[in-house]
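J.: Based on what follows, work out the 3D shape:
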Amino acid sequence: FFGTMPPSHDPSDTRVFVGNLPQGVDKREVEDVFRRFGGVTDVWIARKPESGFGFVYFRDRRDAEDACDECNRREKISGHLLRVEISHGKGAKGGGGGWT
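T.: Now for the predicted structure:
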């Protein structure tokens, strides 16, 4: 339904769900918003169909939590107010913003 699944990451990485992304957003634009909080290891954006969400992977959970605290419903990309939260998904289509 959403195209390819996000890539596998180191289990110690913390995955952050990012919702309300504008259509055609570039991976670099998303990384630019979040890298100021610490070690971003990857950014994945849903493309098929253009779904308006993605995941940012952080090396350190504290950095991920800081990004959520600072960016959720405060940060914008191309005028879109972002929804940002720690992803708690546990399975192929887990809750809390996405996949494992």
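J.: Show residues contacting the helix ranked longest in the chain.
T.: Within the chain, and with DSSP state H defining each element, the longest helix by residue count is helix 61-71. With C-beta atoms under 8 Å, 6 or more residues apart in numbering as the test, helix 61-71 has contacts from 14-16, 33-34, 37-39, 56, 58, 82, 84-86. Backbone N, C-alpha and C define where each C-beta goes, glycine included.
J.: Okay, now the unreliable bits of the protein?
T.: Where the chain drops to pLDDT under 70, the residues are 1-9, 90-100.
J.: switch the cut-off to 50
T.: Along the chain, segments meeting pLDDT under 50 span 1-4, 91-96, 98-100.
J.: any idea where the helices of this protein begin and end?
T.: 27-34, 61-71.
J.: what angle do the longest helix of the chain and helix 27-34 make?
T.: Angular relation of helix 61-71 and helix 27-34 on a 0 to 180 degree scale: 90 degrees, by axes from the mean of the first three to the mean of the last three C-alpha atoms, to 10 degrees.
J.: Figure out how far helix 61-71 is from the centre of its chain.
T.: Offset of helix 61-71 from its chain centre (C-alpha atoms, centre = their mean, to the nearest Å): 11 Å.
J.: buried residues in it?
T.: Within helix 61-71, the residues that qualify as buried are Asp63, Ala64, Asp66, Ala67, Cys68, Cys71, counting by 16 or more other C-beta atoms under 10 Å.
J.: ok, now stretch 17-32?
T.: Buried residues in stretch 17-32, counting neighbours by 16+ other C-beta under 10 Å, are found at Phe17, Val18, Gly19, Leu21, Val25, Val30.
J.: of all these, which two lie farthest apart?
T.: Taking C-beta to C-beta, the two most distant members of the buried residues of stretch 17-32 are Phe17 and Val25; they sit 14.5 Å apart.
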